Every structure is written in structure tokens, then in C-alpha cells.
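Novice: model this:
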Amino acid sequence: MYLFDTDILSNLVKKRPSPYLIERLRDIPQDKQYISSITIGEIVYGAFKSDQKEKYLIQLKDKLIPLVQLIPFDKNESFAYGEIRSILEKSGTPLNDTDLMIAATAVANNLVLITGNEKHFSVIKNLQLENWLKK
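Specialist: Next up is the predicted model:
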């Protein structure tokens, strides 16, 4: 099962989304596709910064959310976040909070995080990663 990072979802609304990403998504049943409530917040934030706010909010509400399973940031995710953040800070490799929360969601729910930011997330030991933006 797969958790999509914000950059993956942003790629889908580009004029030319990654062909490999589109190909992979076709092969994965909808019930195995997840996003975090944190990702929703990042998309809404980006929409409000954009000149096309309404377009992006409508895409989010009408097209994206109905197609994927939404995972709230709850107790299990909070515990994973605290542990991961502590480990990264002790090792001198902190990440920003939203990325940590998305990674914690993947770890807490045993999901593979699909992201174009492999290097960024690779500092998290128990995180399974795949990059569907490159073949």
C-alpha cells in the first residue's frame, strides 16, 4: 500500500505529468492509494498562495480526495513523529515538520512513501521509499 507525498500529487496537475507516474497509478488499485491529512493541508496552503486558488481547491475536493484513502494524523502517527524527530535531531539531520509528519504517517501505517524527494527522506531508517517521478 502506498502513501503519496505532496510533490507526487502536485505533479499530477502539471501540464505534462510524469508518464511513469501515470503508468504506475494505473496499476495500483484505489484501495491501496493513500494520502495524509497533512498533505491535504499542504495542497490547500499551495492553493491559497496561487493565482488559481479556486481551480486547485476544486481539483482537491472533487477529483483527488474521492479517489484515495485519507489517513488522519492521529495517535499512532503522533508517536511515530516524536520518535523519528528525536532520532533525526540527535543525529543532526532534522527535517521540517510537515515532511516529518508525512513520513511518520507512512511509518505508522506500514505504507511505502511515494515521493520525488528520495534523498530528502532517506535519512529516516524505517521508511520505505519509492520514486515514481523517474523510471
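
Novice: Out of all residues in the chain, which is the farthest from the middle?
Specialist: In terms of distance from the mean C-alpha position of the chain, residue 90 ranks first, at 24.5 Å (CA atoms, centre = their mean).

Novice: Wasn't it part of a strand?
Specialist: No. Assessed by DSSP: H, G, I helix; E, B strand; the rest coil, residue 90 does not belong to a strand; its assignment is helix.

Novice: any idea how far residue 113 is from it?
Specialist: Shown here: residue 90 relative to residue 113, a distance of 22 Å by CB to CB, to the nearest Å. Where you see a C-beta, it was placed from the backbone N, CA and C, and this is true even at glycine.

Novice: picking that back up, while we're on the residue farthest from the centre of the chain, how confident is the model there?
Specialist: What the model reports as pLDDT for residue 90 is 96.

Novice: ditto for residue 135
Specialist: The model's pLDDT for residue 135 equals 70.

Novice: quick one, phi/psi of the residue nearest the centre of the chain?
Specialist: Centroid check for the chain by CA atoms, centre = their mean gives residue 5 as the closest residue, at 1.9 Å. Main-chain torsions, residue 5, degrees, to the nearest 10: phi -70, psi 160.

Novice: List the residues that contact the nearest residue to it once chain neighbours are set aside.
Specialist: With CB to CB, 6 or more residues apart in numbering as the criterion, residue 5 has its nearest non-adjacent residue at 3.7 Å, and that residue is residue 115. Counting by CB atoms under 8 Å, 6 or more residues apart in numbering, residue 115 touches 5, 7-8, 121, 129-131.
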